[in-house]
Every structure is written in C-alpha cells, then in structure tokens.
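Novice: Using only what follows, build the 3D model:
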Amino acid sequence: MNNIVIENYTAEFGESFTLRDINWIIEPNQHWVITGTNGSGKSALSAILAGAGEKLSGSISGLPERVELVSFEAQAELIDRELKKDDTDIMDVISEGTPVREILEEGKADNPDFDADLLEELIKKFKLESMLERSFRKLSTGETRKIMLIRALVNKPGLVILDEPFDGLDVDSMTMLNELLQSQIDTVPMVLVLNRFDEMPDFITHVAYTDKGQLHHTVDIKDEQAYNDLYQLLHLKTTNLEVPETDDSDRPPALNPEDPLVKLTDIKVAYGDSKVLDGESWVIEPRQHWQLSGPNGSGKTCLLNLITGDHPQCYTNDIFVFGMQRGNGETIWQIKQYIGYVSTALQWEYRVSISVRNVIISGFHDSIGMYTKSSDRQKKVADQWLKLLGMEDRADQPYNQLSFGDQRLLLIARAMVKHPTLLILDEPCLGLDDINRQLVLALIEKICNSSDTTVIYVNHHAEDQISGIKQFKQLEKLA
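Specialist: Numbering: from 1, shown residues only. The predicted model follows:
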C-alpha cells in the first residue's frame, strides 16, 4: 500500500453537514481510530475514503482499488434493499429475501482475490453454519453486523473501514472479532470509527479526533502525553440531570395495580425448523426494573417485539400485557400507548423527513412521523429535551440529515417523552460517544430511581450497568 494523502479536502454530506479542510496522511502499516463526539464528522471522515460525500475542493490520492466500508448506514441500506424485494414480487408472493450464504459470497464473482477458505474459516469461528440458508433480513442486529464484517474481510480489500464494529455484538463475538482483526493487520490496513476508547484494539497505532466537521488532532499512540490529553477530552462527566416533565393531558387509562404489566407464559417462536424461543416465561411487575441479556441471536429483540405487538407470532402465544390478553380484540395502539421504545430496528424504520423537534413530539403519539397537530405543551416539553441533549439550536433541522448517534439520542428522548408505563431500551447507547452515553445512562438511572416508569434495558457492555436495575433475565441461544 502507498501513502493515502488527503489534502485540503472539503466535501458535503446532504444539505446540513460539511467536512472541511481535511489534511491527513495514512501510511503503510498504520492502523487508525477516528473518534469525536456525535455529529462531529467521524463517520464522514471515514466515508470519504470509500468515495462518499460530494467533493467541493481538495484531493485524495493513493487509495487502493478495493475499499470495504462496514457501517450502520451500510447495514441499513442492505436491510432496506432486502425489504424492497417485497415491492417487486408478483402474484402476491412474498419474498423470503436473500439467504445469508449469498450475502456472504456477493463479491465472489468479480473479485479474483475473494478468499473462500477464509470465509469457511470465519463461518465456523462465528458458528454461522445453522443460519446460512436463513433470510438475511430475519437475523438479529448483531448477527447482520457479523455477516457484513465477514463479507468485508473475505473480499480482501486494500483498505477496510469499520464504523463502530463492536456495537451490537455480544461479549464473545467482540472477543472473536478483536482476535480476527488482530490476525489481519499484516495484510490489510484498517481505519476504525469508535465512540468508546476502552474498545480500542491493541494494534491501533494512531488516533484522529474530529470536531464540527474538521480534523483537529492526529495522535501517535506512542506519544503518551498527547494520547492522555485526548483521552481526558473524551471523558467529561455529566451531572445534575433533570428529566423534563411530560404532557399529562392525554394519559392512557389507569391500570389495575394488582396486575403484572407483562406476563409471558411458555413462549415459543420459530422460523421454519429454526427455533428462536422455546418455553420462555417472564413476569414483569410495576416498577420492577429488568436487564435483559444474552448472546446475539438468542431472541432478545424477538421477546421484546412480542411485548410491543410488533411480532406476528404474538397472537399464537400466551401473552398478557397491561390488563389485556393478546388475541382478544385489542388493538396494537392500545398496547403502544403504555410503551416507550427505542431500538436499532426502529432507527432503521424511522426514515421520514421531519424536524428534530417533531421526532420527539411523535413519541406522544407512538408514530413514525407526525400526523397529528402538536400542542403548545408538547412543543415546550420537546424543547426541554432538546436543551438537555444540547440540540436546542437544531430544533427545525431535518432528522434524516443528522448523524447516526444524534438520531439515536433523539429516539431515546422520543421513547422517554411521555413518561411511559413501560420503557423498553434495546441497546440504547449503541452509536453514542462517551459524553452522550454517560448522559443516557444517567437519565435511565434517574428514571429507575424516581418515576413510575418500569424499565427493560438491553445491553452488551458490563461497564454500562444501571444500579437501579435489580432484576436480570438471561436468554441462551438455541442450537
């Protein structure tokens, strides 16, 4: 590999973000981490190496012929491509989507360097044999992430760019991925985008720090003083948080305090011959906060979707929620009025072009987008959340022009805005920088300790524990 040289480079990403005056050299045998706050330009900086953005000035030279980029945006585009296959089907036949094996081998036909042996090795290492014929779009978030990472590496690129590669992975998968990347460092240079400094692999040689669309610092890991200064910059603490009040004018009917909020009995979910859940039972009492854990593919998101009514097999199981037995004529909106929810799947689905403020307000109506006139009180509450998130100056900006991390922050506020009876947080900190992660964890802690909201919290990171959560449910992946 030659030096990759970026000189005085400026590029636009949509109408709302510009990467400005970038000067950066990546030398052979260097492996970089790009870090910074949400919306600072981390992902944009990595993406210009893969040809993204509209160039306004400057130059990039020395890029290898094949560059592989794995990011949440690329993951969402692939999921969206699979979903759109339903739109082209004829005779009312619903497509099952592309099998995992075909997704993994997509680069094989036109890439003479495609490494079939490495592919088979990684399939075994990540224990993917049983899902090779399954539809890619039916996999969990963590599983689809693994597939994309493997696909990138077996294509033998001249440069691999991994945007938050560890987010969405369970502990064992993170360890395996770290070992895998370590085994590849002599054959392919890597650029990683990371929000968490504690996830930085040992083989990283340099760190780039972005802020407000500019590259502010490039640090050699061996320069201890410069590295420690940068580390300090990224580990500020958030204190004295107050959760904004809500709009109480349209609260749902009161629930019977003697009933559990949720009761799942002997739950079974399968796709064909592949079992996801088999005999799971779970009772959630009011103000009994839970952490839900388990490896990728163990059915965590599936179990949550049964509670929210977003899984088709909720009507074939024994599910009691908010005083209602599922399948007895209740509507999904009767269920959702008691729930606040955030997940990666919701973020992929939330693609409407509305303002930042209206995204938060949509949480009052459990809608994706705004279809109801908002009240002055709801606007005031939304503005209080924006101030808390440091986004008050972006209230009228289009949501779909924000970074992944800023979008995630807004969807967390949307989930919390109505102070729901049940708050479901499926990996809420995924994609957040250290500062905003601390903010979100502090908010969850506050809600657990001082509100009538019951919390279900999913996360893979031991350091992101919430002291107010005392109940734990562990799922195991079925063979």
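
Novice: Tell me, how many residues neighbour the closest residue to I360 other than its chain neighbours?
Specialist: Nearest non-adjacent residue to I360, counting by C-beta to C-beta, 6 or more residues apart in numbering: A382, 4.2 Å away. C-beta: built from backbone N, CA, C; applies to glycine. Using other C-beta atoms under 10 Å, A382 is surrounded by 28 other residues.

Novice: and the helix or strand containing A382, how far out from the chain's middle?
Specialist: Assigned by DSSP states H and E, A382 belongs to helix 376-389. Relative to the centre of its chain, helix 376-389 is centred 24 Å away, using C-alpha atoms, centre = their mean, to the nearest Å.

Novice: Over to stretch 160-175?
Specialist: The answer for stretch 160-175 is 11 Å, by C-alpha atoms, centre = their mean.

Novice: Straight-line length of that stretch, end to end?
Specialist: Using C-alpha to C-alpha, to the nearest Å, the end-to-end distance of stretch 160-175 comes out at 19 Å.

Novice: That one: which residues count as buried?
Specialist: For stretch 160-175, burial by neighbour count (16 or more other C-beta atoms under 10 Å) applies to 160-170, 173-174.

Novice: what about the strands in the stretch 201-350 of the chain?
Specialist: Using DSSP state E, counting those that start in this stretch, the strands of the stretch 201-350 of the chain run over 206-211, 214-220, 262-271, 274-284, 290-293, 318-321, 324-325, 339-342.

Novice: Correction: the previous question concerned the stretch 351-479 of the chain.
Specialist: Under DSSP E, counting those that start in this stretch, the stretch 351-479 of the chain gives strands at 422-426, 454-458, 471-474.

Novice: Please enumerate residues in contact with the shortest one?
Specialist: It stands for strand 471-474. Outside strand 471-474, the residues that touch it by C-beta atoms under 8 Å, 6 or more residues apart in numbering are W282, Q288, H289, W290, Q291, L292, S293, G294.

Novice: now, the most widely separated pair of the residues you listed?
Specialist: Taking C-beta to C-beta, the two most distant members of the contacts of strand 471-474 are Q288 and G294; they sit 19.0 Å apart.

Novice: Can you check which helix is longest in the protein?
Specialist: helix 434-450 (DSSP state H).

Novice: Flag every buried residue along that helix.
Specialist: For helix 434-450, using 16+ other C-beta under 10 Å, the buried residues are 434-445, 447-448.

Novice: In a markdown table, list those residues along with pLDDT.
Specialist: Shown next, in a markdown table, are the buried residues of helix 434-450 (pLDDT from 0 to 100):
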| residue | pLDDT |
| --- | --- |
| D434 | 80 |
| I435 | 79 |
| N436 | 82 |
| R437 | 84 |
| Q438 | 83 |
| L439 | 84 |
| V440 | 88 |
| L441 | 89 |
| A442 | 87 |
| L443 | 89 |
| I444 | 91 |
| E445 | 89 |
| I447 | 90 |
| C448 | 90 |
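
Novice: so what does the helix or strand bottoming out on mean pLDDT in the chain touch, helix or strand wise?
Specialist: Scoring the helices and strands of the chain by mean pLDDT, DSSP states H and E places helix 224-233 at the bottom, with a mean of 78. For helix 224-233, the packing partners by 3 or more C-beta pairs under 8 Å, 6 or more residues apart in numbering; DSSP states H and E come out as strand 206-211, strand 214-220.

Novice: Pick the most buried one from these.
Specialist: Ranked by mean neighbour count, the helices and strands packed on helix 224-233 are led by strand 206-211 with a mean of 21 (mean count of other C-beta atoms under 10 Å).

Novice: what are the pairing partners of that strand, and which direction each?
Specialist: strand 32-36 (parallel), strand 214-220 (antiparallel) (DSSP bridges).

Novice: Low-confidence regions, the stretch 251-400 of the chain specifically.
Specialist: For the stretch 251-400 of the chain, no stretch is flagged by pLDDT under 70.

Novice: out of the contacts of strand 471-474, who's nearest H460?
Specialist: Nearest to H460 among those: S293, at 7.8 Å, using C-beta to C-beta.

Novice: circling back to that earlier point, and the longest helix of the chain, what other elements does it pack with?
Specialist: Looks like helix 434-450 contacts helix 376-389, helix 404-416, strand 454-458 (3+ C-beta pairs under 8 Å, 6+ apart).

Novice: K222 is nearest to which of the ones you listed?
Specialist: Per C-beta to C-beta, nearest to K222 of these: helix 404-416, 29.0 Å.

Novice: which other helices and strands contact the closest one?
Specialist: Helix 404-416 packs on strand 339-342, helix 344-349, helix 356-365, helix 376-389, strand 422-426, helix 434-450, going by 3+ C-beta pairs under 8 Å, 6+ apart.

Novice: between those, which one is nearest to D21?
Specialist: helix 434-450 (24.5 Å).

Novice: Lovely, talk soon.
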